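A.B. asks: When you get a sec, could you give me coordinates for this:
(chains A and B)
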Amino acid sequence: MKLAVWTYEGPPHVGAMRIATAMKGVHYVLHAPQGDTYADLLFTMIERRSERPPVTYTTFQARDLGGDTAELFKNAARDAVNRFKPQALLVGASCTAELIQDDPGGLAEALDLPIPVVPLELPSYQKKENWGAAETFYQLVRQFARRDAAAAPADTSRSPTCNILGPTGLGFRHRDDLVEVRRLLAAMGVEVNVVAPWQATPADLARLPDAGFNVVLYPETAGAAATYLKRTLGQAHTRITPIGVKGTDAFVREVAELAGLDPEATLVRARAASNSRSGWYSASVDATYLTGKRVFIFGDASHAIAAARVAADELGFKVVGLGTYSREFARDVREAAALYGVEPLISDDYLEVEAAVAQAEPELVLGTQMERHIAKRLAIPCAVISAPVHVQDFPARYSPQMGYEGANVLFDTWVHPLMMGLEEHLLGMFRNDFEFHADAAASHLGATAPAAHRMQEAPAASVASVVAEQAAPAAAVSAATMPATSALAATALEAATPGAAAPVAVVWAPDAERELGKIPFFVRAKARRNTERFAAQQGIAVITQTTLYEAKAHYAR
Amino acid sequence: MNAPVAIEVMRERGQREVFCGLTGIIWLHRKIQDAFFLVVGSRTCAHLIQSAAGVMIFAEPRFATAIIDDRDLAGLADANEELDRVVDQLLARRPDIRLLFLVGSCPSEVIKLDLSRAAERLGARYLPQVRVLNYSGSGIETTFTQGEDACLASLVPQMAVVSGKPELLIVGSLADVVEDQLVGLLHEMGIDRVSCLPPRRAGELPAVGPDTRFLLAQPFLADTARALEARGARLLPAPFPLGIEGTRGWLEAAARAFGVPAERLDAVVEAPIARARAALARQRPLLEGKRIFFFPDSQLEIPLARFLARELGMQLVEVGTPYLHRAHLQQELEWLPPGVQIVEGQDVDLQLERCRAARPDMVVCGLGLANPLEAEGITTKWSIELVFTPIQGFEQAGDLAELFARPFVRRGLIAGATRQPVGEQAA
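C.D. replies: Model prediction:
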């Protein structure tokens, strides 16, 4: 038994729903108690889907348990096939149905349905959402991909072809990543045979062997299927995630090699077809202030690893924390963390992540919606790079993470929160001028926001009060859609305050405290930390103005 | 009261597109401010509450899940010892907690984890600092708002015994602002001894006894009412305090039981009723004659339908409700227009077929159905908003009407700019 306050991933059957919802022509009959239908709203509200997910729930109740829940399942499966006329039926159990052991696979088989049935065994008490998605997609590919022929031999007279594997329902920017990667492949002269699971039918899955190789966008969902296709059909697959300019370059070379094209010539074509600006923007003098920004990164493994690479190698940030909630990919994240000399954080415990962020004292957090809230509480700028998704992660505009356009998007999304921070600094610098009163807040925080320096010093209290003011009672509803509900305000108000700077034994003399106040707020925390560390090392009990400058000299780069 | 009316009710069984009772934790934890709700369940339970709450994480909330894993199921770990360990961990983190609910779920019910014994055991360890209670919010036993019923019923045995002067107890969680208004009106009527269940703090649990008269503020409290009656309290039959009529009828029931003269009641309600009339008059033109269809959700459907039909002139196409408690809803049923189609239970696919065939002007439904129906061109009202928003009492009657008018107003404002969803067609 494990205490969980918030979860990064849902149960594995939600992963199966993400596959079923992405595809066409499949229907999922889920043996589940009343209440499990909540999962529909993930798709209709967060992703704003215009159709219900293709899922029928048996919604059994206590009175059914004494009777025949198996019969309930059989009726639901038969009715679903008649009503929705799918090409294939997925059947499985949610956590409770797993306990009553009705064996949906066996029951469905006994029904002698006119369509193929794919039984799913998703152990709810061991596994989680991403695993469930990967397993479901693997089972579908295993059942439907033709096995009679080996992978199509390279036909040099035709363009090389690939499949794109991985995009699902409720995926973080999958919709736009797919568009971007298709454009990239088109520019390279590589044709796309099948995209799956996104809008693929079981019949499309049968055609997977017609392609020369597979492009794996998200190993979290497509890794198991790609490994299977390699093992049984000899279809190779990509391993590089095309995130960032360098990541995209490497991906283009990798694809070119798999496609039998000249890597360098292909790269020239791919770049020529793009509007890549992020590299120049990062090189422009305006971006100098980004140098060495301390960044904490947390997400699913592939997005976290890619974000660290972009942060360090394309924006010149310093990675001060790297972690993932995907234990399945812990090894990859450990390897990446070693590159940046940081301790990898492998955890799905939200409170542990929050403590790690607070301790690392980053200037920017790149994380999930969970870390966005952590960052808000700690008054640190933040950008979202990974699932779990939120309604904000389905923007109306085109906003990929992958490819050259994706790199442009990353530049904007990560740098804007820092620019806002800089604006606050400038405002702080001028705050004694007559135009500004001492407590003027940054314009983007609105008239009622607490002044930046106060937020720095009392993050929990001030942030909570702002949220409480914003949360009108009518906004309380919002299942899953809005972050600022009044329920949220209530929880904000009761926030315990772990994290924040650890108490220290050394004392600051008033003159040193005043001098510290003159330092721009965004380096103030670092100056305080370094000075205190220096004082502790030197055995200085009272920090004076002199200590402050001695520490500055000591830590000078 | 009159003899029960003969109302035709269609019963349906099939897929139910409703939340389970765990969802009630979202408003209950805000209402009882020093209570903590620990669900003993699966990852699904944790994900459900998180998703339904919409509270993507801001801070440490006063609810959590003790997630059962395969070690507990395989008997490798003693589930009771594990639960004790989790509770120790939790209470060490949160010394501010005074009342801990162990909330049963589908998995804990199916594996027959005895949470009442666990609550006794843990209570013995933590009293008087923390009181430990248990109830079931499982989907196999409770539908959505029935979770509150189960929670409040678990509080009843904890209530102290009282005797002496008659007291009035308001039962069912209301927004604090509504509670204060209603208690204020009762005081003005001369009923001084009024208390509320649930209380705002665990230590303020009201007493109960043969002199207690209670009014239900919510229509989904069958078990709680039974438990209070077993303690000698007497239920005052009344409509529910939605709209002018409902609120007046509700106060009138109290007035009758406590001997408040009719003139005094009239004097007290005159000004708020006048305000509510004015507020409703503004919304009525937007709603009058519009046809409305309710999918089952919170059990508030019958009183809401009554309010919309009688005070705003809406036409009821179908009123679905997960359960119909005929005794508690007697006055409400009598007030419904004759011949209205009431459906208890659900088969969501059949109901969607009826709904599409009827082409109502508005559908009240859960969040899983709302956007798909909007995409078909049907205006919807999320039913869950009606549970989270202050809607009871005279001062909120206008707000309640406005919740139904707003989707129509919005459609009008953005007409011409809307397109049917493009779907997620990629390149």
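A.B. asks: hey, let's count contacts and neighbours off CA atoms from now on
C.D. replies: Noted.
A.B. asks: Taking the stretch 151-300 of chain B, what residue is nearest to chain A?
C.D. replies: Residue nearest to chain A within the stretch 151-300 of chain B (CA to the nearest CA): residue B:175, separated by 9.5 Å.
A.B. asks: contact partners of the helix or strand where residue A:337 lies?
C.D. replies: Here residue A:337 sits within helix A:330-340, counting by DSSP states H and E. With contact meaning CA atoms under 8 Å, 6 or more residues apart in numbering or on different chains, helix A:330-340 is reached by A:301, A:304, A:305, A:319, A:320, A:321, A:322, A:323, A:324, A:343, A:344, A:346.
A.B. asks: other SSEs contacting whichever helix or strand comes after that helix?
C.D. replies: Where DSSP H and E defines the elements, the next helix or strand beyond helix A:330-340 is strand A:344-346. Contacts defined by 3 or more CA pairs under 8 Å, 6 or more residues apart in numbering or on different chains; DSSP states H and E place strand A:344-346 against strand A:318-324, helix A:330-340.
A.B. asks: ok, and what's touching the first one?
C.D. replies: With contact meaning CA under 8 Å, 6+ apart, strand A:318-324 is reached by A:291-301, A:304-305, A:308, A:311-312, A:330, A:333, A:337, A:340, A:342-348, A:357, A:360, A:362.
A.B. asks: Direction included, what does that strand pair up with?
C.D. replies: With DSSP bridges as the test, strand A:318-324 is paired with strand A:294-299 (parallel), strand A:344-346 (parallel).
A.B. asks: so how far is the shortest one from its chain's centroid?
C.D. replies: Between the mean C-alpha location of strand A:344-346 and the chain-wide mean there is a distance of 15 Å, by CA atoms, centre = their mean, to the nearest Å.
A.B. asks: Which positions within the next helix or strand after it qualify as buried?
C.D. replies: As assigned by DSSP H and E, the chain's next helix or strand after strand A:344-346 is helix A:350-360. By 16 or more other CA atoms under 10 Å in any protein chain shown, the buried positions in helix A:350-360 come out as A:350, A:351, A:353, A:354, A:356, A:357, A:358, A:360.
A.B. asks: so what pLDDT did residue 216 get?
C.D. replies: You didn't say which chain, so I picked chain A. pLDDT, residue A:216: 98.
A.B. asks: Let me rephrase: I mean chain B.
C.D. replies: 98.
A.B. asks: got it, and residue B:68?
C.D. replies: Residue B:68 is given a pLDDT of 95.
A.B. asks: Neighbours of it, how many?
C.D. replies: 23 (other CA atoms under 10 Å in any protein chain shown).
A.B. asks: mind listing what it touches?
C.D. replies: A:1, A:2, A:125, B:40, B:41, B:42, B:43.
A.B. asks: Chain A contacts on the stretch 251-400 of chain B?
C.D. replies: B:367-375, B:384-385, B:388-390 (CA under 8 Å from any CA of the partner chain).
A.B. asks: how about the residues you listed, which pair is most distant?
C.D. replies: B:375 and B:390 (28.6 Å; CA to CA).
A.B. asks: Counting by contacts, list what whichever strand or helix holds residue B:36 packs against.
C.D. replies: In this assignment (DSSP H and E), residue B:36 forms part of strand B:35-41. The criterion is 3+ CA pairs under 8 Å, 6+ apart, and the helices and strands that strand B:35-41 contacts are helix B:25-31, strand B:63-67, strand B:99-104, helix B:106-110.
A.B. asks: Quickly find the element holding residue B:10.
C.D. replies: Once you assign secondary structure using DSSP H and E, residue B:10 falls within strand B:9-13.
A.B. asks: Pull the residues that contact that strand.
C.D. replies: B:341, B:342, B:343, B:344, B:345, B:346, B:347.
A.B. asks: Apply 7 Å and report the result again.
C.D. replies: Applying CA atoms under 7 Å, 6 or more residues apart in numbering or on different chains, the external contacts of strand B:9-13 come out as B:342, B:343, B:344, B:345, B:346, B:347.
A.B. asks: Equivalent analysis for stretch B:104-112, please.
C.D. replies: A:96, B:39, B:40, B:41, B:42, B:115, B:135, B:136, B:137, B:138, B:139, B:140.
A.B. asks: Compare the contacts of residue B:68 and tell me which has the most neighbours.
C.D. replies: Ranking these using other CA under 10 Å puts residue B:40 first, with 30 neighbours.
A.B. asks: Can you tell me the centre-most residue of the chain?
C.D. replies: Picked chain A for this. residue A:386 (1.2 Å; CA atoms, centre = their mean).
A.B. asks: meant chain B, my bad for not saying
C.D. replies: Short answer for chain B (CA atoms, centre = their mean): residue B:145, at 4.5 Å.
A.B. asks: I figured it hits residue B:300, correct?
C.D. replies: No: the criterion here is CA atoms under 7 Å, and residue B:145 misses it with residue B:300 at 9.2 Å.
A.B. asks: Let me have the helices and strands packed on strand B:35-41 in CSV, extended by mean neighbour count.
C.D. replies: Converted to CSV, the helices and strands packed on strand B:35-41 look like this (neighbours: other CA atoms under 10 Å in any protein chain shown):
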stretch, mean neighbour count
helix B:25-31, 20
strand B:63-67, 24
strand B:99-104, 24
helix B:106-110, 23
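A.B. asks: and of these, who's closest to residue B:85?
C.D. replies: strand B:63-67 (10.2 Å).
A.B. asks: Restricting to C-alpha, output that closest one in PDB.
C.D. replies: Provided in PDB are the C-alpha atoms of strand B:63-67 (Å, rounded to 0.1, in the frame of the first residue of the first chain):
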ATOM      1  CA  PHE B  63      -7.500  13.900   0.500                       C
ATOM      2  CA  ALA B  64      -5.300  11.100  -0.700                       C
ATOM      3  CA  THR B  65      -5.400   7.500  -1.700                       C
ATOM      4  CA  ALA B  66      -3.800   4.500   0.000                       C
ATOM      5  CA  ILE B  67      -3.100   2.600  -3.200                       C
END
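A.B. asks: Which stretches in the stretch 201-350 of chain B count as helices?
C.D. replies: Applying DSSP state H, counting those that start in this stretch to the stretch 201-350 of chain B gives helices spanning B:222-230, B:243-257, B:262-287, B:301-312, B:330-335, B:348-358.
A.B. asks: can I get the CA coordinates of the shortest one in CSV?
C.D. replies: Taking only C-alpha atoms (Å, rounded to 0.1, in the frame of the first residue of the first chain), the coordinates of helix B:330-335 have been written out as CSV:
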residue,chain,number,x,y,z
GLN,B,330,-43.0,13.6,-2.5
GLN,B,331,-43.7,17.3,-2.5
GLU,B,332,-41.4,17.8,-5.5
LEU,B,333,-43.1,15.0,-7.5
GLU,B,334,-46.5,16.6,-6.8
TRP,B,335,-45.2,19.9,-8.1
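A.B. asks: Can you list the low-confidence ranges for chain B?
C.D. replies: Along chain B, the model assigns pLDDT under 70 to residues B:1-6, B:54-60, B:418-427.
A.B. asks: In the stretch 101-250 of chain B, which residue sits nearest chain A?
C.D. replies: residue B:140 (3.9 Å).
A.B. asks: residue contacts, that residue?
C.D. replies: By CA under 7 Å, 6+ apart, the contact list for residue B:140 reads A:33, A:34, A:60, A:61, A:62, B:106.
A.B. asks: mind listing what residue B:324 touches?
C.D. replies: Counted by CA under 7 Å, 6+ apart, residue B:324 has contacts residue B:344.
A.B. asks: Report the separation between it and residue A:58.
C.D. replies: According to CA to CA, to the nearest Å, residue B:324 stands 22 Å off from residue A:58.
A.B. asks: same check, this time on residue B:123
C.D. replies: From residue B:123 to residue A:58 the distance is 37 Å (CA to CA).
A.B. asks: hmm, back to that, any idea which of the residues of the stretch 251-400 of chain B next to chain A is closest to residue A:210?
C.D. replies: For those, the nearest to residue A:210 is residue B:372 (35.8 Å; CA to CA).
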